[in-house]
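Asks: Sequence first, predicted model second:
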Amino acid sequence: MQIGDVQIKNPYVLAPMASVTDVAYRTLCRRYGAGLVFSDMISANGFAQNNRRTLEKFIVSPEEHPVALQIFGSRLDNLIKCGIYASQFCDIVDLNAGCPVRKVVTTGAGAALLENPDWLYRILKEMSQVIEIPVTVKIRIPPENIDFIEFIEQISSSGVDAITIHGRVREQMYSGRADWEKIAVAVEHSCVPVIGNGDVVDYTTAKQMMDVTGCEAVMIGRAAIGNPLIFRHLVSEGRVLNPKGIPAREKIHALLGYTDLARKFGIPEKIQVLHAIKFTRDLPRSARLRARLTGIKKIEEAINIILRYYDLPILQNTEIS
Ligand SMILES: Cc1cc2nc3c(=O)[nH]c(=O)nc-3n(C[C@H](O)[C@H](O)[C@H](O)COP(=O)(O)O)c2cc1C
C-alpha cells in the first residue's frame, strides 16, 4: 500500500489508541511487524497553548517509521499549526474525525466533524495544501441524515491521501459489530486508498475484512492492546502465535521489550505498570494476577509478580534494562 509517497510494507496497521499507543508501544509493534503505526490523538488546542504534556506526544523514535501522528481539534488555525509542527517528526499527519468521547465532541472535534461534511472537507483541504507530507483522516460512519456515498466522495476528494474508516456510528462507541458493508461502499466510492477498521482480531478476520470490503489495509485496535505479538501473527499469515494463545513466556518477553523502550523514552513507571497489566490479558488465570498487580507502582515489582505467578525465573535489576 502507498499513502502519498509513503510506502507501507504490509497491510497491518496499529490503530491510534489513547493510553496505549505511546512511542515505546508503537516502536515495539513495528518490531513485531506492523506496517504502519498511529499515535493516539494529540490536541491541536493543547499544542497552541504550549501544553507540556501535549508537546511530549510528538516524540517519535527513529525505528518506528513509517508513523502517523494523529491530531484532533475544531479550530482550523490550530489544526494547521499543529499539523505543520507534527510533520517535522512523522511520515503522515492524520486528523481524528471519529472520537465519540463527550468532552471531545462537545468542542466540535472528533466525531462532531462528521455532522458537517462541508466543514470537514474544508479543514482537510487546507491541511492537505499546507502540510508537506501526506494527510489522512480517520472517520466513523456519519449520522444517518448524511448521504454516505456523497460524504465519501466529498471527503476523499479533499486532498487527503487515504481514509481510515471505523465501521461504527458515533453512538455505538465500541458496541455491536462493525459494519463492513459500509466499509465496502466507502472503498467503492473513495478516490484514495481506504484502511478498514473494526473487529479485526487475527489473520482470518484481517483477510476476511480485506476480501469483503476490498480495503487496501486493515487497522487493528483492541486486539493489539497488550499484544504487540499480533503483528507477528499477521505477517506470518496466521502461521505463528494465535493471538489468544500466546504463552506467558512470549508475552513477558514482549513486555520487557516494551519496558526497555519505555525507559529510554522516559515513560513514567505508573504508565509502564498499566501496560504490564494489559499484557497479562488472555494469559491463564490472569484475573487473579491482575488483582495482585493493582496498586503496584514500580515496574520491576510488577514484572516480578507476573514472573512468579507463572513460575518463571525472577529477574535481577539489570535484566530489565
Ligand atoms: C482504549 C482506546 C483508545 C482509543 N483512542 C483512540 C484515539 O486516540 N484516536 C482514534 O482515532 N481512535 C481511538 N480509538 C479507536 C480505535 O482506534 C479503533 O478505531 C477502535 O478500537 C475499533 O477498532 P477495533 O475493533 O480493532 O478495536 C481508541 C480505542 C480504544 C479501545
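Replies: Yep, that arrived.
Asks: helices or strands next to the host helix or strand of His253 in the packing?
Replies: In the assignment (DSSP states H and E), His253 maps to helix 248-264. Helix 248-264 sits against helix 23-31, helix 269-279, helix 299-309, with contacts defined as 3 or more C-beta pairs under 8 Å, 6 or more residues apart in numbering; DSSP states H and E. Backbone N, C-alpha and C define where each C-beta goes, glycine included.
Asks: Most tightly packed of those helices?
Replies: Using mean count of other C-beta atoms under 10 Å, the stretch among these with the greatest mean number of neighbours is helix 23-31 (a mean of 25).
Asks: hmm, the following helix or strand past that helix touching the ligand?
Replies: Next in sequence after helix 23-31, counting helices and strands by DSSP H and E, comes strand 36-38. No: applying C-beta under 6 Å from any ligand atom, one finds strand 36-38 separated from the ligand by no less than 7.3 Å.
Asks: any idea how far strand 36-38 is from the chain center?
Replies: Its chain's average C-alpha position is 6 Å from that of strand 36-38, according to C-alpha atoms, centre = their mean, to the nearest Å.
Asks: got the contact list for it?
Replies: 3, 8, 13-16, 21, 26, 29-30, 64, 66-70, 92, 94, 138, 217, 219 (C-beta atoms under 8 Å, 6 or more residues apart in numbering).
Asks: Each with direction, which strands does that strand pair with?
Replies: In the sheet, strand 36-38 lines up against strand 12-14 (parallel), strand 67-72 (parallel) (DSSP bridges).
Asks: Average pLDDT for the first one, rounded please.
Replies: When pLDDT is averaged over strand 12-14, the result is 98.
Asks: ok, and does that strand reach over to the ligand?
Replies: No: Strand 12-14 lies out of reach of the ligand by C-beta under 6 Å from any ligand atom, never closer than 9.0 Å.
Asks: quick one: that strand to chain centroid distance?
Replies: 8 Å.
Asks: what does it rub up against?
Replies: Counting by C-beta under 8 Å, 6+ apart, 21, 26, 29, 33-38, 164, 195, 206, 217-220, 224, 231, 234-235 sit against strand 12-14.
Asks: same thing with the longest one?
Replies: Under the contact criterion C-beta under 8 Å, 6+ apart, strand 67-72 has outside partners 16, 26, 30, 36-44, 47, 57-58, 60, 79, 82-83, 86, 89-96, 99, 104, 109-110, 136, 138.
Asks: rerun that using 6 Å as the cut-off
Replies: For strand 67-72, contacts defined as C-beta atoms under 6 Å, 6 or more residues apart in numbering pick out 16, 37-39, 41-42, 44, 60, 82-83, 86, 90-92, 94, 96, 109-110.
Asks: what about that strand, distance to the chain center?
Replies: That offset, for strand 67-72, works out to 9 Å (C-alpha atoms, centre = their mean).
Asks: for stretch 241-248, same thing?
Replies: 21 Å.
Asks: start the count at 43, not 1, going forward
Replies: Sure, I'll start counting at 43 from here, so that last one is stretch 283-290.
Asks: Between the two ends of it, how far is it?
Replies: Using C-alpha to C-alpha, to the nearest Å, one end of stretch 283-290 lies 12 Å from the other.
Asks: Quick check: buried residues in it?
Replies: Neighbour counts using 16 or more other C-beta atoms under 10 Å place Leu283, Pro285, Ile288, Ala290 of stretch 283-290 among the buried residues.
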